[in-house]
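> When you get a sec, could you give me coordinates for this:
(one chain, ligands or ions: 1)
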Amino acid sequence: MTAKKPTPKELEGLKQALIGLRGVLSGDIKNLHEDAFGINGEKATVDVEADAGSDSFYQEFSLELLQHDETALREIDEALVRFEGGNFGKCEGCQEWINKERLRAVPYTRFCIGCQRKAERDS
Ligand SMILES: [Zn+2]
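Sure thing, here's the model as predicted:
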């Protein structure tokens, strides 16, 4: 399975999604709307929505499953660290770029779908 490296624009959208998710998981939903989206000014909100290509981008993974999920919160923090290191979006198993759809569905994932399945099989 080969996927292309996410573009800087896609990465920025995913980063904003992670920050927004982090706000949700921290139980700070107000923050999701006011601070997380506004980090780069109002323009960020517009860009994120445009990048997503869908206005349900956030709703897909935000409020339902993940609230107060501390494991996911840790994963998000680590994903943000990977952003700093320039490794975000890369599979920790096979070092390939993770499929874009997968990143959108689970922006804090560290494995491509192949390695994730393998890990689940082996555990
Ligand atoms: Zn992999």
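
> which stretches of this structure form helices?
8-25, 29-31, 42-52, 57-61, 70-85, 100-105, 113-122 (DSSP state H).

> Just name the most buried of these.
Here the criterion is mean neighbour count by mean count of other Cβ atoms under 10 Å, and of the helices of the chain the winner is helix 8-25, at a mean of 20. C-betas here are computed from N, CA, C, even on glycine.

> where does this structure have its least confident helix or strand?
Ranked by mean pLDDT, DSSP states H and E, the weakest helix or strand in the chain is helix 42-52, scoring a mean of 43.

> Would you mind listing what in this structure touches the ion?
Contact residues, the chain versus the ion (Cβ under 5 Å from the ion): C91, G93, C94, C112, C115.

> Would you reformat those as TSV and include pLDDT?
Putting the residues of the chain next to the ion into TSV (pLDDT from 0 to 100) gives the following:
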residue	pLDDT
C91	95
G93	95
C94	96
C112	95
C115	95
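
> sorry, back to before: least reliable of the helices of the chain by average pLDDT, please.
Ranked by mean pLDDT, these end with helix 42-52 at the bottom, a mean of 43.

> how long is stretch 85-101 end to end?
Start-to-end span of stretch 85-101 (Cα to Cα, to the nearest Å) is 22 Å.
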